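In: sequence plus predicted model, see below.
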Amino acid sequence: MARAKPQLAYTTARDQPMTAKDAAWFPIYGSFMLFSLYIAFKYFDKDAVNLLLAVYFSLIGVFTLAGLLDKGLMASLMGTDAKSPRYGFELKLPYLGDLGGKFTVSEYVSALPALALAATYFKTKHWLLNNLLGIAFSVNGIEAISIGGYKVGLER
């Protein structure tokens, strides 16, 4: 009997494939981000910008590593599937709207080593942990992007 693929608690825009117009905007977004980093390093304290980037990289790294560990290892070891019970919280904040998340037990378990690895990276900035976080970002990014067709990737 085949088991169902585990579903993550968050939703993505995988239902809408990327169009040629979306792909054409990638260099614009990239240029804007690089220019923003240039402005940040030029006008703000270098250590403060590096701290902000390290905090961001570490926090997002926890979620990407946890998702990678859960899909690759924990869900199969713990026998979690799409029908597994989810535990979590939901808050309604006045100006922010709904906040919360519900996760399976395997997602919580996979968050523990991910948190330890991201905290170690934040403290040491070791190159191996940096590469591990980069791989997790790349895998999650490739999973999240769905191009509409072969021509979307080739149009100039």
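Out: Good, I have the coordinates.

In: quick one: contacts for the residue nearest the centre of the chain?
Out: Most central in the chain under CA atoms, centre = their mean is Thr64, positioned 4.2 Å from the mean C-alpha point. Contact analysis of Thr64 by CB atoms under 8 Å, 6 or more residues apart in numbering lists 133, 136-137, 139-140. C-beta: built from backbone N, CA, C; applies to glycine.

In: the residue lying closest to it once chain neighbours are set aside and Leu77: what is the separation?
Out: In this structure, Thr64 finds its nearest non-sequential neighbour in Ala136, 4.0 Å apart by CB to CB, 6 or more residues apart in numbering. Distance, Ala136 to Leu77, using CB to CB, to the nearest Å: 19 Å.

In: those two: which is more packed in?
Out: Ala136 (23 against 10; other CB atoms under 10 Å).

In: that one contacts Leu68, correct?
Out: Yes. Assessed by CB atoms under 8 Å, Ala136 is found in contact with Leu68 at 4.8 Å.

In: averaged over its residues, what pLDDT does stretch 17-30 have?
Out: Mean pLDDT, stretch 17-30: 85.

In: so which bits of that stretch are buried?
Out: By 16 or more other CB atoms under 10 Å, the buried positions in stretch 17-30 come out as 18, 23.

In: off-centre distance for that stretch?
Out: In this view, stretch 17-30 has its centroid 19 Å away from the chain centroid, taken as CA atoms, centre = their mean, to the nearest Å.

In: by contact count, what packs against the helix or strand containing Ala136?
Out: Per DSSP states H and E, Ala136 falls inside helix 127-144. Helices and strands touching helix 127-144, by 3 or more CB pairs under 8 Å, 6 or more residues apart in numbering; DSSP states H and E, are helix 46-69, helix 105-124.
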